[in-house]
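Undergrad: sharing a model prediction with you, sequence too.
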Amino acid sequence: MSRRMTILFFAVVAAQVVGLVVFTGARQVALTQGREVTLQTAPVDPRSLLQGDYAILDYEIARLPERMRDEPEGSVVYITLQECGEVWCADRYSSWEPEPPDVFIRGRVTDRSRLDFGIGTFFVPEGTGHIVERAEDIKVVVSLNASGNAVIKQVLVDGRPFDPEAR
């Protein structure tokens with residue numbers, strides 16, 4: 001292998017490592033320094049042969065209001081949140097980022113006039129997906145960074161943290 005190819009190889013590897021570190025670092029910052037909110041959801045329990053059991057989390061705030069149904073697929077929508085008892089619910093939907101001190105979550109429009117927040121799946125140990133599927137109440141505690149990006153911190157199944165060992 002020539003010297004030029006060796007340098008190119010290591011440059012590509014280094015770029016991938018840096019990208020991975022930046023991605024995980026951003027998630028870690030959101031988890032440790034973000035604003036914690038609890039969102040109401042309804043689960044669907046699929047299974048993937050390659051990935052195992054996971055729950056698809058369908059958030060109540062993900063449905064676009066009628067006035068925004070013509071937003072093109074992939075558009076960014078910000079939802080300003082307000083406390084509604086033990087969960088946070090949608091107060092306003094807009095195409096521009098809210099100003100502090102508003103608490104908001106950022107989503108992208110999907111082809112079904114719904115929003116994807118990047119937190120729509122939650123992987124569970126193999127054989128335990130039925131616990132989430134049969135639950136009467138699913139809430140998700142997320143951490144929101146300053147840009148409205150969300151990271152799942154915890155899933156609450158019928159009021160308790162999801163723990164397949166305890167059931």
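TA: Looks like it came in fine. Numbers count the residues shown, from 1 in each chain.
Undergrad: any weak-confidence spans in this structure?
TA: For the chain, the stretches flagged by pLDDT under 70 are 1, 22-33, 43-52, 166-167.
Undergrad: tell me which residue is most central in it.
TA: In the chain, the residue lying closest to the centroid (C-alpha atoms, centre = their mean) is Ile119, at 1.8 Å.
Undergrad: dump stretch 84-91 to PDB, restricted to CA.
TA: C-alpha atoms of stretch 84-91 as PDB (Å, rounded to 0.1, in the frame of the first residue of the first chain):
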ATOM      1  CA  CYS A  84     -50.500  19.500  32.100                       C
ATOM      2  CA  GLY A  85     -50.500  17.700  35.400                       C
ATOM      3  CA  GLU A  86     -47.900  14.900  35.400                       C
ATOM      4  CA  VAL A  87     -47.100  15.200  31.700                       C
ATOM      5  CA  TRP A  88     -46.300  18.000  29.300                       C
ATOM      6  CA  CYS A  89     -48.600  18.700  26.400                       C
ATOM      7  CA  ALA A  90     -48.500  20.800  23.200                       C
ATOM      8  CA  ASP A  91     -49.300  24.500  23.700                       C
END
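Undergrad: what sits up against that stretch?
TA: Here stretch 84-91 makes contact (C-beta atoms under 8 Å, 6 or more residues apart in numbering) with Val37, Thr38, Leu39, Gln40, Glu60, Ile61, Ile79, Thr80, Leu81, Gln82, Val103, Lys139. Using the backbone N, CA and C atoms, a C-beta is placed for each residue, glycine as well.
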